[in-house]
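[1] with the sequence up front, the predicted model follows.
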Number of protein chains: 2
Amino acid sequence: MATLKDLASSLGLSITTVSRALDGYSDVAESTRSRVKAAAEAAGYRPNAAARRLRKGSTEMVTMVLPTEPGQFNEPLYIELLAALGKRLARDGYDLTLLAAPPGTEELKTYRRLVEGRRTDGLIVVRTRRDDARIRWLLEQDFPFVTMGRTDVPGAFPFVDGDGAAAFREACERLLGLGHRRVALIGAPSAFTFAGLRRDGYRAAMAAAGLPPIECEAAADEEGGCEAALDLLARPDRPTALLCATDRIAYGALRAARRLGLEIPADVSVVGHDNLPASAFTDPPLTTMELPIAETGELLAEMLLARIAGTDPHVLQSIRPVRFVDRASTAPPRG
Amino acid sequence: MATLKDLASSLGLSITTVSRALDGYSDVAESTRSRVKAAAEAAGYRPNAAARRLRKGSTEMVTMVLPTEPGQFNEPLYIELLAALGKRLARDGYDLTLLAAPPGTEELKTYRRLVEGRRTDGLIVVRTRRDDARIRWLLEQDFPFVTMGRTDVPGAFPFVDGDGAAAFREACERLLGLGHRRVALIGAPSAFTFAGLRRDGYRAAMAAAGLPPIECEAAADEEGGCEAALDLLARPDRPTALLCATDRIAYGALRAARRLGLEIPADVSVVGHDNLPASAFTDPPLTTMELPIAETGELLAEMLLARIAGTDPHVLQSIRPVRFVDRASTAPPRG
DNA sequence: GGGACTCTCCAAAACGTTTTGGAAGATGTC
DNA sequence: GACATCTTCCAAAACGTTTTGGAGAGTCCC
């Protein structure tokens, strides 16, 4: 491909001038600039990314490490998040790179490689935990990153998170408002921050109504949800509503209820969280809630760009309201 | 971070020797090599990616352009594909970068930027069309790429594809074997290669049984499937089985059947293709088939690496058998 | 003891860009 | 005409790596 040198020699100018003309510096005559621009256009000139990166010391890319449990399904949410992130980052000339790593030490090694090898300008950390080794390490390195979800790790960094506590409080209140009294929570593993927040919201609503909480914790997938729901629904005081920490847990709960011959929503109401694409097509369609994901991705991208540019992380933190999606898996309890 | 120069001066060696010691060249004494390696380890040395890329002229990255229709759901399949690709590419020191682009001219512009700016060493093209402008252009540029899915564009390039024709032939035969006679196909838009292949398989099976095909074409999502199924199921000679080009079409078909008060599978059997995560949790669980996606991603990655290394594309083409997943949405027709 | 090898090592060039620190010429001021 | 000030341009350095084309020292063989 054409380089600056080619352009310079064909125009009878120096490399410096060509470079500065294209970059919009004021110390090049307007007539020269237009000549240069025309020549660059004609030659199809594109600056060599590696050269510019080497010189400028920045990579113009941002990375998301995708947690991939072997054999487990991966959240479809991430695709939409990636699309939104990529679109916003492109506007600022950044590329989005993706690395897959199984959670644990392997994941940490991936972060080290990225940060120490200066392979990226910033990171997007997802699936945050209350005690998150990735975040601790990144804070230590003072490396720019943004998280989707909060954590208990002390320190200032940008994040976007849904207001899970408020959402689950309101979701529970809605069920109580329908007349339910025995509302159970199927929580996600408490190592994840979001699990605790949602549980707290649920507890607050139950406490405010003077009702005892009915809780259990499940693996955050269909299998876990199914097991937990089978257990809950077999209790003597069978819950009439199941509030599930995630949609995938709710899918499992739907299956468990059907397996027990229960009608949904007549015998038991089910509520999820995430509004996965499939949730509109379960039977019955799942009542759920969502953090608008395209918006979240855009916000994450903007925060990361700002953080890279040096903005104080304290102003780059946003807890977003969760939107309710009413469908057919909830109703007043029978009788 | 530590650079080669730092290491060299602290060891009293030249940059050349340090570089060659780390790269495993034979012209450095074993004792020197171990000294260098120890020092590199201690200093946490990582080669600067931009510098090495500039020098070697390759980017050590591979890119997938993610087609993102605005407002439309994105196939959850891609997440698993990305995970598999990333894992395999990492083994060869390649990074996987992801760019989101809406299909059409915007997408082509993205490809131009990538290829002309030498921003990537190879591309993974998905969602192939029978006449695919991206593939035509890439072939013209003689740029390394691999596709998931075939196309009618002439020319040699690596691809992986499921044997959709054989799969749909067999799927149809299975339904016929259950006693169905009026098996209908809900196809995907014929611009996509896979749609034609699956349709051909279906037609072959029906022809072999001496039965007239019942076909329609739907948008490849739940909405399209629902509309098409509503139309088919309202016909006087109502089909007793719906063979759907994709799982998402099948979800729509399930919904349509329920809306018409039909029982699945007693009144109508439904079959999909893709085995999306949600398909095990529809009601009833969907009979479908799949191209094992982790395996496919790994194969795609290997082919692309081989193509970049100069292997003849003719030997890098694979049509994989499709695996059947029998669930509860199929049964013999009533009566 | 001289030539041919082998074993280690290294100086310097190259990749293509951005940026520094002027320089040459034109213009304005007194 | 001397001096300062703009305007426009450029040579050279720098980023950190890989690779080329040797050089020097030791060993072996005759």
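    Cool, got the structure.
[2] secondary structure class for the closest residue to A:Ala43 other than its chain neighbours?
    Of all residues not flanking A:Ala43 in the chain, A:Ala2 sits nearest, at 4.0 Å (CB to CB, 6 or more residues apart in numbering or on different chains). Placement of C-beta: from N, CA and C, glycine included. Three-state call for A:Ala2 (DSSP: H, G, I helix; E, B strand; the rest coil): coil.
[3] list the contacts of A:Ala2.
    In this structure, A:Ala2 makes contact with A:40, A:43-45, judged by CB atoms under 8 Å, 6 or more residues apart in numbering or on different chains.
[4] let's go with 10 Å and repeat that
    By CB atoms under 10 Å, 6 or more residues apart in numbering or on different chains, the residues touching A:Ala2 are A:10, A:39-40, A:42-46, B:116.
[5] ok, of these, which come out buried?
    With neighbours counted by 16 or more other CB atoms under 10 Å in any protein chain shown, these contain buried members at A:39-40, A:45-46.
[6] and chain B, which of those residues reach it?
    Applying CB under 10 Å from any CB of the partner chain, the subset of those adjacent to chain B comprises A:45-46.
[7] which residues in chain A form strands?
    Using DSSP state E, the strands of chain A run over residues A:61-67, A:95-101, A:122-125, A:145-148, A:159-162, A:183-187, A:214-217, A:241-244, A:269-271, A:288-290, A:317-320, A:323-325.
[8] out of those strands, flag the one nearest chain B.
    If you check each of the strands of chain A against chain B by CB to the nearest CB, strand A:95-101 wins as the nearest, at 3.5 Å.
[9] quickly run through the sheet partners of that closest one, with directions.
    When pairing is defined by DSSP bridges, strand A:95-101 lines up against strand A:61-67 (parallel), strand B:95-101 (antiparallel).
[10] ok, A:Lys109 touching A:Ala101?
    Yes - with contact defined as CB atoms under 10 Å, A:Lys109 and A:Ala101 form a contacting pair (7.8 Å).
[11] so if I had to pick from those two, which one is more boxed in?
    Neighbour totals were compared for A:Lys109 and A:Ala101, and A:Ala101 leads with 21 against 11 (other CB atoms under 10 Å in any protein chain shown).
[12] quick one: that one and A:Val126 touch, right?
    No - shown here, A:Ala101 and A:Val126 do not form a contact pair, counting by CB under 10 Å, at 11.8 Å.
[13] where do the contact lists of the two overlap?
    Counting by CB under 10 Å, 6+ apart, the common neighbours of A:Ala101 and A:Val126 are A:65-67.
[14] now those residues: which count as buried?
    Neighbour counting over these (16+ other CB under 10 Å) leaves A:65-67 as the buried ones.
[15] can you add pLDDT and distance to DNA strand C and give those residues back as CSV?
    Formatted as CSV, those follow (pLDDT from 0 to 100; distance: CB to the nearest atom of the strand, whole Å):
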residue, pLDDT, distance to DNA strand C
A:Val65, 92, 28
A:Leu66, 85, 31
A:Pro67, 83, 35
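[16] between those residues, which is closest to B:Ala184?
    Distances from these to B:Ala184 were compared by CB to CB; the smallest belongs to A:Leu66, at 38.8 Å.
[17] so what's that closest one up against?
    Neighbour list for A:Leu66: A:74-75, A:78, A:82, A:98-101, A:107, A:110, A:124, A:126-127, B:79, B:82-83, B:86, B:96, B:98 [criterion: CB under 10 Å, 6+ apart].
[18] just the buried ones among the residues you listed, please.
    The neighbour-count test (16+ other CB under 10 Å) marks A:74-75, A:78, A:82, A:98-101, A:107, A:110, A:124, A:126-127, B:79, B:82-83, B:86, B:96, B:98 as buried among the contacts of A:Leu66.
[19] just those residues that are near DNA strand D?
    The subset of the buried ones among the contacts of A:Leu66 within reach of DNA strand D, counting by CB under 7 Å from any atom of the strand, is empty.
[20] got the residues of chain A near DNA strand D?
    By CB under 7 Å from any atom of the strand, the part of chain A that sits against DNA strand D consists of A:12-17, A:20, A:27-30, A:32, A:51, A:54-55, A:57.
[21] need the winner for burial among the strands of chain A.
    Across the strands of chain A, the average number of neighbours (mean count of other CB atoms under 10 Å in any protein chain shown) peaks for strand A:241-244, which reaches a mean of 30.
[22] adjacent strands (with direction) for that strand?
    The strands beside strand A:241-244 in its sheet (DSSP bridges) come out as strand A:183-187 (parallel), strand A:269-271 (parallel).
[23] how about the ones you listed in a markdown table, adding mean pLDDT and distance to A:Asp131?
    Conversion of those to a markdown table gives the following (pLDDT from 0 to 100; distance: least, CB to CB, whole Å):
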| stretch | mean pLDDT | distance to A:Asp131 |
| --- | --- | --- |
| strand A:183-187 | 98 | 17 |
| strand A:269-271 | 98 | 28 |
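[24] nearest to B:Arg255, out of these?
    Shortest separation from B:Arg255 across the strands paired with strand A:241-244 is recorded for strand A:269-271, at 17.9 Å, computed as CB to CB.
[25] and that closest one, how far out from the chain middle?
    Averaged C-alpha coordinates place strand A:269-271 at 24 Å from its chain's average position (CA atoms, centre = their mean, to the nearest Å).
[26] flag every residue of chain A that's near DNA strand C.
    Where chain A comes near DNA strand C, counting by CB under 7 Å from any atom of the strand, the residues are A:3-5, A:15-16, A:19-20, A:22-23, A:27, A:45, A:47-48, A:51-52, A:54-56.
[27] can you select the buried ones from those in PyMOL?
    In PyMOL syntax, the buried subset of the residues of chain A next to DNA strand C is picked out as below (16+ other CB under 10 Å):
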select buried, chain A and resi 3+4+19+20+22+45+47+48+51+54
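[28] residues in contact with A:Val325?
    A:Val325 touches A:271-275, A:279-280, A:285-290, counting by CB under 10 Å, 6+ apart.
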